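# Structural data only, the sequence is not supplied:
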């Protein structure tokens, strides 16, 4: 079977704009960085208390960058999902299920042993800087990017996921693993040995209140994103099904 080649040049502003134009995507691309905050990422904002990172969605859309610091404020689960902490509290399986010995029981899995098995399978994320920055994609900081996320409605979801798998013949590129919304921005990519999947996210019930009701996320590795920028004139983005759909929605 033909092996997929992910070799692609470093992204440019022109290539990114071409992608957004053909996808007819109005939302900005959001990147996750492993680096300390600096003026190049301004305007910067820090979470308050136990804020969910997705509560800063509107500020991401306005060009701001969220700074989450190891040991600092923000959702404790978010610190784990983003790789700033790699241990879960002992009650987590019960928190996700029946609430026995936990602050609450959210009933997200049928039994605590099922939830515990999922927790045990999760691979820790390595963070080098002690910080995670989430905000607009900046090509001049490409070497610090850990993931790129698309915020999409169902129509654009179909386009982004189709493009993510455009070159693949031997596997499904898009997966939708169980986990927190923030884990889909980083940790879920590490669940696979090659760390090169497209993660369908925005499915976490707890975080959905922070984004529009018709929106989901697709998060890809830097290598996958760079490859997506190289789509050809022969691709579906130039063809009738995609463009008829876009015209229909605009009518």
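Sure thing, it's come through. Note that the structure is a prediction, hence the values are computed from the model and not measured.

# Report the residue spans of this protein with pLDDT below the cut-off.
For the chain, the stretches with pLDDT under 70 are 1-3, 191-195.

# Contacts for the longest strand seen in the chain, please.
Counting by DSSP state E, the longest strand found in the chain is strand 145-152. Applying C-beta atoms under 8 Å, 6 or more residues apart in numbering, the contact partners of strand 145-152 are 25, 27-34, 57, 61, 137, 156, 159-160, 185-186, 189, 201-202, 211, 215-222, 225. To be clear about C-beta, it is placed using only N, CA and C from the backbone, and glycine gets the same treatment.

# ok, how many other residues are close to residue 20?
Residues near residue 20, counting by other C-beta atoms under 10 Å, number 15.

# From what I see, it and residue 29 are in contact.
Yes: the pair residue 20 / residue 29 is scored as a contact, 7.4 Å apart, by C-beta atoms under 8 Å.

# joint contacts of these two?
In contact with both residue 20 and residue 29: no residue, using C-beta under 8 Å, 6+ apart.

# so residue 58 sits in a helix?
Yes: counting by DSSP: H, G, I helix; E, B strand; the rest coil, one finds residue 58 located in a helix.

# Contacts only, for the spatially most central residue of the chain.
The centroid of the chain falls nearest to residue 185 when counting by C-alpha atoms, centre = their mean (3.0 Å). By C-beta under 8 Å, 6+ apart, the contact list for residue 185 reads 32, 53, 81, 82, 134, 147, 149, 201, 217, 219.

# residues in contact with the fourth one?
I take that to be residue 82. If you count contacts by C-beta under 8 Å, 6+ apart, residue 82 has them with 32, 53, 68, 125, 127, 132, 182, 185, 186, 187.

# I'd like those residues laid out as JSON lines, including distance to residue 40.
Output for the contacts of residue 82, formatted as JSON lines (distance: C-beta to C-beta, whole Å):
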{"residue": "32", "distance to residue 40": "16"}
{"residue": "53", "distance to residue 40": "20"}
{"residue": "68", "distance to residue 40": "17"}
{"residue": "125", "distance to residue 40": "24"}
{"residue": "127", "distance to residue 40": "19"}
{"residue": "132", "distance to residue 40": "16"}
{"residue": "182", "distance to residue 40": "23"}
{"residue": "185", "distance to residue 40": "21"}
{"residue": "186", "distance to residue 40": "21"}
{"residue": "187", "distance to residue 40": "26"}
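
# got JSON lines for these, with distance to residue 15 and secondary structure too?
Listed next are these as JSON lines, based on distance: C-beta to C-beta, whole Å; DSSP: H, G, I helix; E, B strand; the rest coil:
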{"residue": "32", "distance to residue 15": "20", "secondary structure": "strand"}
{"residue": "53", "distance to residue 15": "27", "secondary structure": "helix"}
{"residue": "68", "distance to residue 15": "29", "secondary structure": "strand"}
{"residue": "125", "distance to residue 15": "28", "secondary structure": "coil"}
{"residue": "127", "distance to residue 15": "28", "secondary structure": "coil"}
{"residue": "132", "distance to residue 15": "25", "secondary structure": "strand"}
{"residue": "182", "distance to residue 15": "28", "secondary structure": "helix"}
{"residue": "185", "distance to residue 15": "22", "secondary structure": "helix"}
{"residue": "186", "distance to residue 15": "23", "secondary structure": "coil"}
{"residue": "187", "distance to residue 15": "28", "secondary structure": "helix"}
